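In: Provide a 3D model corresponding to the input given below.
(one chain, ligands or ions: 1)
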Amino acid sequence: MKSILENIRASAERKERLLAVLIDPDKFIIKELAQFIEQVNNSIITHVFVGGSAVEDNITQALVSAIKPLTALPIVLFPGDVSQISNDADAILFLSLVSGRNPEYLIEQHVKSVSKLRNMDLEVIPTGYILIEGGKETATLKVTNTKPLKEQQHIVDTAKASELLGMKLIYLEAGSGAHLEVSAKTIKAVKEDIKIPLLVGGGIRSKVQLENAYSAGADLVVIGTAFEDNAGFFEELSDIK
Ligand code: 1GP
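Out: Sure thing, here's the model as predicted:
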């Protein structure tokens, strides 16, 4: 079986558009899970991401275990910290917050997670995580005590440095519920300079925004809030190619 990273790479090479729904254990009402996942299964969504910035211990584990029997889609952890690691997932984005200079999220959480990861068979995917100014002070900025990047060349150089350090994916993040999504100009500039797959998320609430992100070069787009707040959004995306 191909790994999740290999599948993302292969899809990116074929210019297939990947879409992840982000389920934040902190916001999600577990009673609604079965119905929500049924909508996910009947949609164009290709990946289920689970994680958030401030989640109580063990909630992620319970949520991932509940999702697993309901879908054949890959479940990928998108953890805010070491407490959000579950062996029932298929892979973990091993996120290093390269836009910030807070050692806790650059390397410390990773060191703390090794004792768990060593005993699990989760696929670990090293990911350069870059927070971009999205017009709102998001939970991630507060929790990590870092500032988002604004200047395009700095964003591009940060992505490239991450690739040179050996990261396998780059994630451009405007933040959950961002007022402004990552601009097409920024996505394009980063995409032109890196060879590894590019993930983009934060503030994408419409089909037009989604298509713009793909056209600019996003290989995988992550959407959380729009699916949580608007059940009709699944339907709205049904004719995207
Ligand atoms: C946040 O990029 C994700 O980590 C998704 O953001 O909730 O705004 O879709 P939204």
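In: Could you count how many residues lie near residue 209?
Out: By the criterion of other Cβ atoms under 10 Å, residue 209 has 16 neighbours. C-betas here are computed from N, CA, C, even on glycine.
In: does it count as helix, strand or coil?
Out: Recorded secondary structure, residue 209: helix (DSSP: H, G, I helix; E, B strand; the rest coil).
In: wait, it sits on residue 180?
Out: No - at 10.2 Å, residue 209 and residue 180 do not qualify as touching, with contact defined as Cβ atoms under 8 Å.
In: list the residues that contact both of the two?
Out: Residues touching both residue 209 and residue 180 (Cβ atoms under 8 Å, 6 or more residues apart in numbering) are residue 203.
In: and the longest strand seen in the chain, which strands flank it?
Out: Assignment by DSSP state E gives strand 123-131 as the longest strand of the chain. Strand pairing for strand 123-131, determined by DSSP bridges: strand 91-97 (parallel), strand 169-173 (parallel).
In: and the ligand, which of those strands is closest to it?
Out: strand 169-173 (5.3 Å; Cβ to the nearest ligand atom).
In: count of neighbours near residue 14?
Out: Residue 14, neighbours per other Cβ under 10 Å, totals 8.
In: thinking again about what came up before, the longest strand of the chain and the ligand, are they touching?
Out: No - using Cβ under 6 Å from any ligand atom, strand 123-131 stays clear of the ligand, coming no nearer than 9.4 Å.
In: can you give me the offset of that strand from its chain's centre?
Out: Relative to the centre of its chain, strand 123-131 is centred 9 Å away, using Cα atoms, centre = their mean, to the nearest Å.
In: Send over that strand as CSV, restricted to the C-alpha atoms.
Out: The C-alpha trace of strand 123-131 is given here as CSV (Å, rounded to 0.1, in the frame of the first residue of the first chain):
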residue,chain,number,x,y,z
GLU,A,123,3.1,7.6,9.2
VAL,A,124,5.0,10.7,10.2
ILE,A,125,5.1,13.5,7.6
PRO,A,126,7.5,16.4,8.3
THR,A,127,5.7,19.6,7.4
GLY,A,128,6.8,23.2,7.4
TYR,A,129,3.9,25.1,8.9
ILE,A,130,3.8,28.8,7.9
LEU,A,131,1.3,31.2,9.5
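In: For it, the averaged confidence score.
Out: For strand 123-131, the mean pLDDT works out to 98.
In: That one: what's the following helix or strand?
Out: helix 139-144 (DSSP states H and E).
In: and the helix or strand that that following helix is followed by, what other elements does it pack with?
Out: On the C-terminal side of helix 139-144, the closest following helix or strand by DSSP H and E is helix 152-165. Applying 3 or more Cβ pairs under 8 Å, 6 or more residues apart in numbering; DSSP states H and E, we find helix 152-165 packed against strand 123-131, strand 169-173, helix 184-193.
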